[in-house]
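Trainee: fold the following for me, if possible:
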Amino acid sequence: ALPITLGEYAWDSKMRQCINLKRIVLPPTITDLKGSFGYCYSLEAVILKSPATATGNTFEYCRKLKTVKNLIPGNNGLNNSYIEEIEIDAAMAIGSCSYAKCLRSVVVGSKITQIPSNAFSYSKKLSSIKFMGAITAIGSSTFSYCYGLKRIDFTKCTAVPTIASAIVDVPKDIEILVPA
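Mentor: Just a heads-up that it's a prediction; the model follows:
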């Protein structure tokens, strides 16, 4: 966990407002980003060598950061971020991605089995979510008020959980794909 040293650079979770930071590679020892990169306007790439949790406005106003892999959305971790795509494949709990204003696409890997209530609610630009494995439960209102949601894809899953309470106030023409 924090603080640690990356080469010559001391990591102390105070990367907020590093307006010239463009790219950072984080070692596997960092597992919680704890709001670290807010207001890093030039940040284009965060390379996570192992899954890490984003909590507390981690990427707030990072306008150039569009995709992060190995990211585990924790509570409020994507608030006010400009991230459009995340891939989640860690055997850890997903927290709230609600109000992720620019999030467009989510791929949920095979190690994730449950999505909590309200996880993506109010992510108004979210258009597609793809599940890759043994998803067993999706909480209520998970996709509520996701006005851009066009597709939920379960074709790579072994079973499809009940989702009726998860898709409240979404477009009527949403496409839900299930295994053949």
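
Trainee: from residue 147, how far off is residue 25?
Mentor: Between residue 25 and residue 147 the distance is 36 Å, computed by C-beta to C-beta, to the nearest Å. Every residue, glycine included, has its C-beta placed from N, CA and C.

Trainee: next: residue 49.
Mentor: 35 Å.

Trainee: same check on residue 171?
Mentor: In terms of C-beta to C-beta, residue 171 sits 7 Å off from residue 147.

Trainee: go on, residue 18?
Mentor: Residue 18 is 34 Å from residue 147, where distance means C-beta to C-beta.

Trainee: so what secondary structure elements neighbour the helix or strand in which residue 53 is found?
Mentor: Per DSSP states H and E, residue 53 falls inside strand 52-54. Other elements packing on strand 52-54 under the criterion 3 or more C-beta pairs under 8 Å, 6 or more residues apart in numbering; DSSP states H and E are strand 71-73.

Trainee: what strands line up against the strand it packs on, and which way round?
Mentor: Its sheet considered, strand 71-73 pairs with strand 52-54 (parallel) by DSSP bridges.

Trainee: what element comes up after the partner strand heading to the C-terminus?
Mentor: Downstream of strand 52-54, the first helix or strand assigned by DSSP H and E is strand 67-69.

Trainee: tell me the mean pLDDT over that following strand?
Mentor: Throughout strand 67-69, pLDDT has a mean value of 84.
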